[in-house]
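K.L.:
how does the following fold in three dimensions:
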Amino acid sequence: MAEVEEQAPSKGGLLKIILLVLAILLVAVGSALGALFFTGFFDEKEADAAEEAIAELEAEIEGTESIQMPEKVAKETAEEEKFKPTYYTFDQPFVANVAGSRKVMQVTVAVMTYYDERVVTAIGDHKFALQSAVLDRLRMVSETQLREENFRRDLQEELALIMNEVLEKFEEFKFAGIEEVYFIGFVVQ
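P.N.:
Just a heads-up that it's a prediction; the model follows:
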């Protein structure tokens with residue numbers, strides 16, 4: 001009978017494979033770090049310059065916001081004549097499609113003024129123009145805007161500006177008659 005020699009797997013082949021894998025990993029990590037180094041990833045000067053540029057832009061924006069905001073006109077009234085806030089509620093909710101979505105938004109709106117009954121009367125007289133302007137703004141609301149943290153507060157401010165523009169167009173008001181817009185119902189389905 002012939003003797004068959006059993007060969008044990010050599011440890012040298014396994015060691016070569018491990019060294020080859022380690023060499024490949026070393027080359028990959030080295031090339032990634034080299035690429036980051038040459039693109040300036042580790043440079044602190046550019047990061048500081050970018051932060052300074054952002055701070056300058058933010059300062060510019062803050063400066064222009066104060067210029068763009070309309071100044072409130074002081075009411076000339078005697079000290080003893082203080083007007084109570086007057087509220088007007090639109091009897092029908094505003095219904096608009098959410099832009100780029102199959103959802104519908106239903107908003108019930110009330111407004112507040114510190115001025116006399118002329119403002120409330122003007123709101124009632126021009127209710128259809130006000131409703132049209134509000135609906136034009138609401139139809140531009142997208143689903144991503146609905147998820148924003150300050151969306152409702154920002155929308156209230158925009159609607160107050162829009163409504164005041166309509167009132168100034170049709171009435172001879174030289175002041176912003178509508179002080180605040182309130183959502184007394186806000187549903188998105």
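
K.L.:
host element of residue 58?
P.N.:
According to DSSP states H and E, residue 58 maps onto helix 44-68.

K.L.:
can you check residue 88 too?
P.N.:
Applying DSSP H and E, one finds residue 88 within strand 86-89.

K.L.:
now tell me what touches the next helix-or-strand element following that strand from outside.
P.N.:
Using DSSP H and E, the helix or strand that follows strand 86-89 in sequence is strand 94-97. Identification of contacts with strand 94-97 by CB atoms under 8 Å, 6 or more residues apart in numbering yields 103-109, 131, 134-135, 138-139, 141. Placement of C-beta: from N, CA and C, glycine included.

K.L.:
what strands line up against strand 94-97, and which way round?
P.N.:
With DSSP bridges as the test, strand 94-97 is paired with strand 104-113 (antiparallel).

K.L.:
beyond the partner strand, next helix or strand please.
P.N.:
helix 117-125.

K.L.:
center of the chain - which residue?
P.N.:
Centroid check for the chain by CA atoms, centre = their mean gives residue 148 as the closest residue, at 5.1 Å.

K.L.:
now do it, the pLDDT please.
P.N.:
At residue 148, the model reports a pLDDT of 91.

K.L.:
what's the answer for residue 64, then?
P.N.:
Taken from the predicted model, the pLDDT recorded for residue 64 is 64.

K.L.:
show the backbone phi and psi for the closest residue to residue 127 other than its chain neighbours.
P.N.:
Excluding its sequence neighbours, the residue lying closest to residue 127 (CB to CB, 6 or more residues apart in numbering) is residue 90, at 7.2 Å. Torsion angles at residue 90 (phi, psi; degrees, to the nearest 10) stand at phi -70, psi 130.

K.L.:
cool, the one 3 residues further on as well?
P.N.:
With angles defined as degrees, to the nearest 10, residue 93 sits at phi -70, psi 150.

K.L.:
now it: closest residue in space that isn't a chain neighbour?
P.N.:
Using CB to CB, 6+ apart, the closest residue to residue 93 is residue 108 (4.3 Å).

K.L.:
ok, residue 143 next?
P.N.:
Closest residue to residue 143 apart from its sequence neighbours, by CB to CB, 6+ apart: residue 101 at 4.8 Å.
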